[in-house]
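A.B. asks: Any chance you can model this:
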Amino acid sequence: MRITSTAFSHQGAIPTLYTCEGKDISPPLEWRDIPAGAKSLALIVDDPDAPDPAAPKMTWVHWVLYNLPATNGWLPEGMKTLPDGTMEGVNDWRRTGYGGPCPPIGRHRYFHKLYVLDTVLADLKQPTKAKLEEAMQGHIIGEAQLMGTYQKGR
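C.D. replies: Numbers count the residues shown, from 1 in each chain. Below is the predicted model of the structure:
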């Protein structure tokens, strides 16, 4: 199983367009080779280097999606409409939706983690990353990640 983006390579720099210094839109994402038995997917985008990569204190959550259809193999750039059945969780700005990289200092790593589940989760009422991870326990049958980096230019 693999998750990729046409906007940046694994361990490559995330273009400014997808950050707080650009349009702050979600990058295009694609995945393939989903395991048999998949009923839904979940996507978590987070930054384990917050606030300073030299002394990280927390993981900052940028995007939480779940119940993505297992038959869907991509998300478009700047996604405005969620695929049918997809639900959103809250990020660390306490809102739903994508929030792009905006590191206060240094070059941070941004992990786009895709989970394959053997079930469709109940409506978790806009869960945090932690609540989604708790609900996914025992249901993950595959996972892949894409990591990009970003450092502010100004």
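A.B. asks: CA only for contacts and neighbour counts going forward, please
C.D. replies: OK.
A.B. asks: show me where this protein has helices.
C.D. replies: Counting by DSSP state H, the segments of the chain that form helices are 129-136.
A.B. asks: Tell me where it is predicted with low confidence.
C.D. replies: Applying pLDDT under 70 to the chain flags no residue at all.
A.B. asks: Point to the residue nearest the middle of it.
C.D. replies: V45 (2.7 Å; Cα atoms, centre = their mean).
A.B. asks: That one against Y115, yeah?
C.D. replies: No. Using Cα atoms under 8 Å, V45 is not in contact with Y115, being 11.4 Å away.
A.B. asks: From A36, how far off is the residue nearest to the centre of the chain?
C.D. replies: 24 Å (Cα to Cα, to the nearest Å).
A.B. asks: Which residue, other than its chain neighbours, is closest to T128?
C.D. replies: Spatial nearest neighbour of T128, chain neighbours left out: V90 (5.2 Å); criterion: Cα to Cα, 6 or more residues apart in numbering.
A.B. asks: isn't that neighbour right up against V64?
C.D. replies: Yes. Using Cα under 8 Å, V90 is in contact with V64, at 6.3 Å.
A.B. asks: quick one: common contacting residues for those two?
C.D. replies: Here V90 and V64 have 96-97, 128-129 as joint contacts, going by Cα atoms under 8 Å, 6 or more residues apart in numbering.
A.B. asks: Most neighbours among the residues you listed, please name it.
C.D. replies: K129 (23 neighbours; other Cα atoms under 10 Å).
A.B. asks: list the contacts for it?
C.D. replies: 44, 61, 64, 89-91.
A.B. asks: likewise M147?
C.D. replies: 10-12, 109-112.
A.B. asks: where do the strands sit along this structure?
C.D. replies: Secondary structure of the chain by DSSP state E: the strands cover 2-4, 29-32, 40-50, 58-69, 74-75, 87-88, 108-117, 140-150.
A.B. asks: Cheers, nothing more for now.
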